[in-house]
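Asker: build me a model:
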Amino acid sequence: MELAAHTLKRPNAPWLWRLIATGLSFVLFGLGGLCLRLLVFPLLSLLPGDAATHRRRARQTVSRLFWLFVQFMYRSGVLTYEVEGAERLGRPGQLIIANHPSLIDVVVLIALIRDANCVVKQSLWDNPFTRGPIRAAQYISNNGSAEMLDEAASALQQGQTLIIFPEGTRTTPGQPPQFHRGAAAIALRGARLVTPVVISVTPTTLTKAEPWYRIPSRRFHFQLRVGEDIDPQQFAAQGAAPIASRRLNDHLHRHFIKELALDEPTQA
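Answerer: Residues are numbered from 1 along each chain as shown. This next block holds a predicted model:
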């Protein structure tokens, strides 16, 4: 699978320019979502192929456009980025579990994987700027129902790569991540392997309840580290589903707490 992974740093851009470039990024994202919904995906639907082929085309289109969006933010001086281990993303039946410090976490992850499924907030399904790409790519709505768990487990069993944020929302700055057990339950029911991805953003920005224009004093650095694979069956063998789910969730939580602590000196 083609992956887009680089380590890129560049000189800091002036604050006013970064503010303008950040605003342009939001405008481009919204207009891009509308263009996909009203023009691109209707045209793609006319191409031959079965349902799986149409879904794959939609996901690849979203992935490539997200990659171009990340490049725009980089080249305009909004951010720098560093990706470690991206070549291990995108394998069949892989559940990617990531923490969620910023608004662009899912953008970067989907940009790195050309045919990924993702569990997204229900509100994005009704947002006029995002519902076109989300529905065409057949991402899974996080509506909190048992059907969502079944759909996610089924996608993994079919060999899809699935991205999920166990926190369910962005992390509050200065607070450790709090994982819901749903991701662990999905892993035990359908994943061939679980891969933790640790994301850090320095300085913090685009966090929960923070307006887009409150940009940091310097361009922010987005770092993504792919961790070692976890075999969910090791936890499934430790007891009944509720016990196995709790132990896997605790294991993941400890892993992220430990890895994020490594970034604290650089964020101080």
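
Asker: quick check: longest helix of this protein.
Answerer: Assignment by DSSP state H gives helix 51-75 as the longest helix of the chain.

Asker: helix or strand right after that helix?
Answerer: Helices and strands here follow DSSP states H and E; after helix 51-75, the next one along the chain is strand 79-84.

Asker: for that following strand, packing partners?
Answerer: With contacts taken as 3 or more C-beta pairs under 8 Å, 6 or more residues apart in numbering; DSSP states H and E, strand 79-84 sits against strand 7-8, helix 51-75, helix 105-112, strand 220-226. Every residue, glycine included, has its C-beta placed from N, CA and C.

Asker: list of residues touching the helix or strand following the third one?
Answerer: Spelled out, it's helix 105-112. The element immediately downstream of helix 105-112 (helix or strand, assigned by DSSP H and E) is strand 116-121. For strand 116-121, contacts defined as C-beta atoms under 8 Å, 6 or more residues apart in numbering pick out 59, 63, 90, 96, 106, 109-110, 134, 137-142, 148, 152, 155, 160-165, 168-169.

Asker: now, the residues you listed that are in helices?
Answerer: When DSSP H is applied, the contacts of strand 116-121 are split such that 59, 63, 106, 109-110, 134, 137, 148, 152, 155 fall in helices.

Asker: TSV for the helices and strands packed on strand 79-84, including mean neighbour count, distance to residue 234 and mean pLDDT?
Answerer: Formatted as TSV, those follow (neighbours: other C-beta atoms under 10 Å; distance: least, C-beta to C-beta, whole Å; pLDDT from 0 to 100):
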stretch	mean neighbour count	distance to residue 234	mean pLDDT
strand 7-8	12	32	54
helix 51-75	18	30	97
helix 105-112	23	25	97
strand 220-226	20	19	97
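
Asker: now these in CSV, with distance to residue 212?
Answerer: Below are the helices and strands packed on strand 79-84 laid out as CSV (distance: least, C-beta to C-beta, whole Å):
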stretch, distance to residue 212
strand 7-8, 22
helix 51-75, 12
helix 105-112, 14
strand 220-226, 13
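
Asker: quick one: closest of the ones you listed to residue 25.
Answerer: Evaluated over those, closeness to residue 25 peaks at helix 51-75, with 5.4 Å, by C-beta to C-beta.

Asker: so how far is residue 182 from residue 146?
Answerer: Residue 146 sits at a distance of 10 Å from residue 182 (criterion: C-beta to C-beta, to the nearest Å).

Asker: those two: which is more packed in?
Answerer: residue 182 (19 against 7; other C-beta atoms under 10 Å).

Asker: re the thing from before, buried subset of the contacts of strand 116-121?
Answerer: Neighbour counting by 16 or more other C-beta atoms under 10 Å classes 59, 63, 90, 96, 106, 109-110, 134, 137-142, 148, 152, 155, 160-165, 168 among these as buried.

Asker: returning to that earlier point: report the two of the ones in helices among the contacts of strand 116-121 separated the most.
Answerer: The span of the ones in helices among the contacts of strand 116-121, defined through C-beta to C-beta, is set by 63 and 148 at 22.5 Å.

Asker: grab the most central residue of the chain for me.
Answerer: Centroid check for the chain by C-alpha atoms, centre = their mean gives residue 106 as the closest residue, at 2.5 Å.

Asker: if I look at that residue, how far off is residue 199?
Answerer: Distance from residue 106 to residue 199, counting by C-beta to C-beta: 10 Å.

Asker: thank you kindly, that will do.
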